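Q: I need the structure of the sequence given here:
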Amino acid sequence: MESPSFIRNTIISKLSSGPRKVSDIVFEVSLEKRTTVQGVYKALRILRKEEVITIHRRTVSLSIIWIMEQIETLEKTAKAYELNTYLQELQAGNRRHLQFTFTTLRELDIFWTHSFLVVQETIPITHISYVIAPHDWFMYSHTSTDNAWIKKHVKKRRVSRHILTHILPLDKKVTKERIKMFGKDFEYVFNENPLKQKENEYYNIIDSWIFYAIFDSKINKRLSSFIEKHQTLSFTKADKEEIESIMNERGTFTLTISKSEKKSSAIKKKILKYFE
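A: Numbers count the residues shown, from 1 in each chain. Have a look, this model is predicted:
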């Protein structure tokens, strides 16, 4: 019987050409490596916990975040994942939108960042990306996804404009750090709410693509409370454990991805006045 690490490497290798059905991966790996089905499922669970893969709608993919961390040896893999089938359906106009549901904020964040990075790779650098969000908690809650998002923008020198709708002192500390690092490529507006968002609603707009996330209300209250009671980015061990708990608490989170020139133009029209 093969060792767990060998099963892990086999799964990653099989996913290097693109997303696969979970059942197909389990069948192929168990047959090829003469291991049990339970052993393969266990390896998948470990890989998911390590954020090497994402699993949604019975389809397993390598996380684009993990791929970027391995970029020197997995460049071909990263390119393959720029053509994810679930986004191709929108690109081709076969569907009006795609909606995904997640049980934790961490799972949502990984898939959200993964999807956005895949989309933005297809869009010319002249197109500005917009974020309309209640708070900017990404820097200190899940650094791997935040770093991946930042690296892509810095590398391409794409301008990123942010409207923070429910600004708190900790958000200002984050924005100050971002501006210090990236200068004019990052623009911010505070305490405006052009889309009348609730404190658990988040938007990303780039070209004609719209990413709309809704957080679990109960968990979002915990997140907002954490942001409200902290004034600086210097966190204690207990603080770090608290934000980790919030990221992993089970609830209901949704991400809707749509592609509509009409709708995205209407949204951008509402927010452009704050920047131009």
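Q: what sits against Ser217?
A: Ser217 sits next to Asn200 when contact means Cβ atoms under 8 Å, 6 or more residues apart in numbering. From N, CA and C alone the C-beta is placed, and that goes for glycine too.
Q: what does Asn200 give?
A: Shown in contact with Asn200 (Cβ under 8 Å, 6+ apart): Pro134, Ile214, Phe215, Asp216, Ser217, Asn220.
Q: Would you show me how to pick out the buried ones of those residues in PyMOL?
A: Typed into PyMOL, the line below selects the buried ones among the contacts of Asn200, using 16 or more other Cβ atoms under 10 Å:
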select buried, resi 134+214+215+216+220
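Q: Low-confidence ranges, the stretch 51-200 of the chain, go.
A: Applying pLDDT under 70 to the stretch 51-200 of the chain flags residues 70-86, 93.
Q: Just give me the residue right at the centre of the chain.
A: Thr113 (2.0 Å; Cα atoms, centre = their mean).
Q: Send me the host helix or strand of that one as CSV with only the CA atoms.
A: Assigned by DSSP states H and E, Thr113 belongs to helix 105-120. Only the C-alpha atoms of helix 105-120 are listed here, as CSV (Å, rounded to 0.1, in the frame of the first residue of the first chain):
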residue,chain,number,x,y,z
LEU,A,105,-15.4,32.3,5.8
ARG,A,106,-12.1,30.7,5.1
GLU,A,107,-13.5,28.5,2.4
LEU,A,108,-15.3,31.4,0.8
ASP,A,109,-12.2,33.6,1.0
ILE,A,110,-10.0,31.0,-0.8
PHE,A,111,-12.5,30.3,-3.6
TRP,A,112,-13.4,34.0,-3.9
THR,A,113,-9.7,35.0,-4.3
HIS,A,114,-9.1,32.0,-6.6
SER,A,115,-12.0,33.0,-8.9
PHE,A,116,-11.1,36.7,-9.0
LEU,A,117,-7.5,36.1,-9.9
VAL,A,118,-8.5,33.7,-12.7
VAL,A,119,-10.8,36.3,-14.1
GLN,A,120,-8.5,39.3,-13.9
